[in-house]
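[1] Quick one, structure for this:
(one chain, ligands or ions: 2)
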Amino acid sequence: MYYDWKEKTNTEELRVVCNLIRNGEIVIFPTETVYGIGANALDASAVGKIFVAKGRPSDNPLIVHLADKRKIKDIAEDVTEVEQKLIDNFMPGPFTLILKRKPIIPDIVTGGLNTVGIRIPENIIARGIITYSGVPIAAPSANISGKPSGTNIEDIRKELEGKVSAIVDGGQTSIGLESTVVKVVDEIPVILRPGKVTPEDIDKVIGNVKIDKNIFRKINMNETIESPGMKYRHYAPETSCKLVYCEDELDQIFYLKKYIKEYKGDVVVIGFDEHKDKLFLEDKRFISIGKKDDLDGFARNIFSNLREADKMKPYKILIEGVKKEGLGYAIMNRLIRTCEHDMFIL
Ligand code: AMP
Ligand code: MG
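    Ligands and ions are numbered 1, 2, ... in the order given. Sure thing, here's the model as predicted:
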């Protein structure tokens, strides 16, 4: 079933959706980061349906969503002082904390790890569904595994309609990138996946932060790493993509032009408004990611822009990169995975 709650949550339908969750079905719903496919996190067979719908590898753990900080102690234990400070400062919000799990969480949720990722979304629809379902909800991003995350219902319906019991439409998600994932190791917060909550934000609160070395590295399938999800191909359309980033703006335009020529113009460029006229492309070969200084806009639209470029089936999608600072960390992390390391960085 499709439910349109763009204007307002329908309480009658909310009851139906929450009953589906309680009865072991899976449901697509919006959060402020991206859309999720949710199931009762305490029901292993319900969670199994998520892995089937997405084609997700079983060692890639799911984040468990709660509506209330007081519920954290039901599923996690031994919360340290640093962890509590992170909870107090960043929850609810686009922030996932990896904590020691309680046995009540089934193995299928955590990929067998002794930890569990916990997030409290801010989005009002997500909070309503979690609250009235009365159970923690395991929910990965709403997309086929390896594809860009779903940030609007049109994209999601094409990919997942018929594979879930309900789809709740809350409009385009406001952030557009998945949550920042953090694990505290030896009292230092380590960012396993960058997101809207930046290293700078965390450093301000804790006075210390590290960024996991795997964030910008290609990971081999047989490696064991802290965040298993990082080793899989991610965020990738069918068309091959190339990331172009130069610290100097003139260089960036020079190399974009060079690659456009090299690929005989059979490209779609996902680029900044300011660069459009300099690239001499037909309108249909240029998708705007907005103005250079609007990283929030870049993040919000990146996955839908990738899908749009993919529909045109060019030989190559060229994507402009950004500086690795603030939200730029998260954007570059996703783009590097998208481009499978076909990058030109100067
Ligand atoms: P997604 O649900 O698609 O947003 O992906 C969830 C991400 O969180 C993946 O990259 C996982 O590797 C990471 N994650 C979830 N639970 C854990 C955990 N217990 N330990 C480390 N990483 C986790
Ligand atoms: Mg995902």
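[2] Going by C-alpha atoms from here, please, whenever you check contacts or count neighbours.
    Will do.
[3] Contact residues of the stretch 51-200 of the chain facing ligand 1?
    Applying Cα under 6 Å from any ligand atom, one finds that the stretch 51-200 of the chain approaches ligand 1 through 60-63, 98, 110, 113, 115-117, 140-141, 178.
[4] Could you tell me which of those belong to strands?
    Taking DSSP state E as the definition of strands, those contribute 63, 98, 115-117.
[5] could you pull out the helices for the stretch 151-300 of the chain?
    153-160, 199-206, 249-262, 276-279, 295-311 (DSSP state H, counting those that start in this stretch).
[6] returning to that earlier point: pull the most distant pair out of the ones in strands among the residues of the stretch 51-200 of the chain next to ligand 1.
    Across those, the longest distance by Cα to Cα is 10.5 Å; it joins I63 and T115.
[7] tell me the contacts of the closest residue in space to I206 that isn't next to it in sequence?
    Spatially, and ignoring its direct neighbours in sequence, I206 is nearest to V82 (7.2 Å; Cα to Cα, 6 or more residues apart in numbering). Contact analysis of V82 by Cα atoms under 8 Å, 6 or more residues apart in numbering lists 184, 187-189, 206.
[8] Mark which of those are buried, thanks.
    Listed as buried from the contacts of V82 are 184, 188-189, 206; burial here means 16 or more other Cα atoms under 10 Å.
[9] May I see these organised as a markdown table, with pLDDT added?
    Output for the buried ones among the contacts of V82, formatted as a markdown table (pLDDT from 0 to 100):
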| residue | pLDDT |
| --- | --- |
| V184 | 98 |
| I188 | 97 |
| P189 | 98 |
| I206 | 97 |
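[10] and which of these is nearest C339?
    The nearest member of the buried ones among the contacts of V82 to C339, counting by Cα to Cα, is P189 at 27.9 Å.
[11] What separation do you get for the residue lying closest to that closest one once chain neighbours are set aside and Q252?
    Leaving aside its chain neighbours, P189 sits nearest to V209 (5.1 Å; criterion: Cα to Cα, 6+ apart). Noted for V209: a distance of 31 Å to Q252, by Cα to Cα, to the nearest Å.
[12] And the furthest pair within the residues of the stretch 51-200 of the chain next to ligand 1?
    Across those, the longest distance by Cα to Cα is 20.9 Å; it joins L113 and E178.
[13] Among these two, which residue is more densely surrounded?
    Per other Cα atoms under 10 Å, whichever of L113 and E178 has more neighbours is E178, with 26 against 16.
[14] doesn't T96 make contact with the more buried one?
    No - if you go by Cα atoms under 8 Å, E178 and T96 don't touch, sitting 9.6 Å apart.
[15] about what we covered before: save the contacts of V82 as CSV, and put in distance to E161 too.
    CSV is the format used below for the contacts of V82 (distance: Cα to Cα, whole Å):
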residue, distance to E161
V184, 38
E187, 43
I188, 42
P189, 38
I206, 43
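[16] tally of neighbours for I26?
    Using other Cα under 10 Å, I26 has 28 other residues around it.
[17] Helices along the stretch 1-150 of the chain, start to end?
    Along the stretch 1-150 of the chain, counting by DSSP H, counting those that start in this stretch, helices occupy 11-22, 44-54, 72-75, 81-90, 107-110, 124-133.
[18] other SSEs contacting the first one?
    Read that as helix 11-22. If contacts are counted by 3 or more Cα pairs under 8 Å, 6 or more residues apart in numbering; DSSP states H and E, helix 11-22 sits against strand 27-29, strand 36-40, helix 124-133.
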